[in-house]
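S.K.: give me a model of this one.
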Amino acid sequence: MEYHVPQFIEVEDKIVGPLTLRQFIYLAGAGGFCVVFFVYLPAIAAFLLSAPMVGLAAALAFYKVNGKSFIEILEAGFNYYTGAKLFLWMHHEPKKEDPSLAVAAATAAEKAAQKRTAQKLTRGKLTELAWSLDIKSPQR
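M.R.: The predicted structure follows:
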């Protein structure tokens, strides 16, 4: 027995002409607000308020970012800015008045200088090492 598996389940149905129901609601809502603005406000104020409204409605209806609708991007941005943030590490500059930090820095610098001098291999040490290897060689 064969069953028909639905394909393209992510695609919304076109309800109103070439528009989906969601797109139609965004555009109709913006159109309704624009009509209210032009009826109750002077023409310049109505135009200044309805231009961003039409732009937002067009973006909500048609604009996609990386395959996600604009409303999902707005929701993610809102949640990011209003949500709590976790800082695992925050750098603080040391205070100059703290003498313990100066002492610790000085001792660290002295230890580093001692390591550099201890690791130097002088000509005398090198010849002494070569002489001891020649004498203690088991093959001779």
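
S.K.: report the separation between Ala109 and Ala130.
M.R.: 34 Å (Cβ to Cβ, to the nearest Å). Where you see a C-beta, it was placed from the backbone N, CA and C, and this is true even at glycine.

S.K.: same thing with Pro52?
M.R.: With Cβ to Cβ as the criterion, Pro52 and Ala130 are 84 Å apart.

S.K.: show me where pLDDT drops low in the chain?
M.R.: Applying pLDDT under 70 to the chain flags residues 94-103, 115-121, 136-140.

S.K.: okay, strands next: where are they in it?
M.R.: 14-16, 19-20, 64-65, 68-69 (DSSP state E).

S.K.: contact partners of the longest one?
M.R.: The reference is to strand 14-16. Strand 14-16 is contacted by residues 20-21, 24 when judged by Cβ atoms under 8 Å, 6 or more residues apart in numbering.

S.K.: please apply the same query to the last one.
M.R.: Under the contact criterion Cβ under 8 Å, 6+ apart, strand 68-69 has outside partners 60, 63.

S.K.: what residue is smack in the middle of this protein?
M.R.: Tyr80 (10.6 Å; Cα atoms, centre = their mean).

S.K.: and it, what does it touch?
M.R.: For Tyr80, the contact set (Cβ under 8 Å, 6+ apart) is empty.
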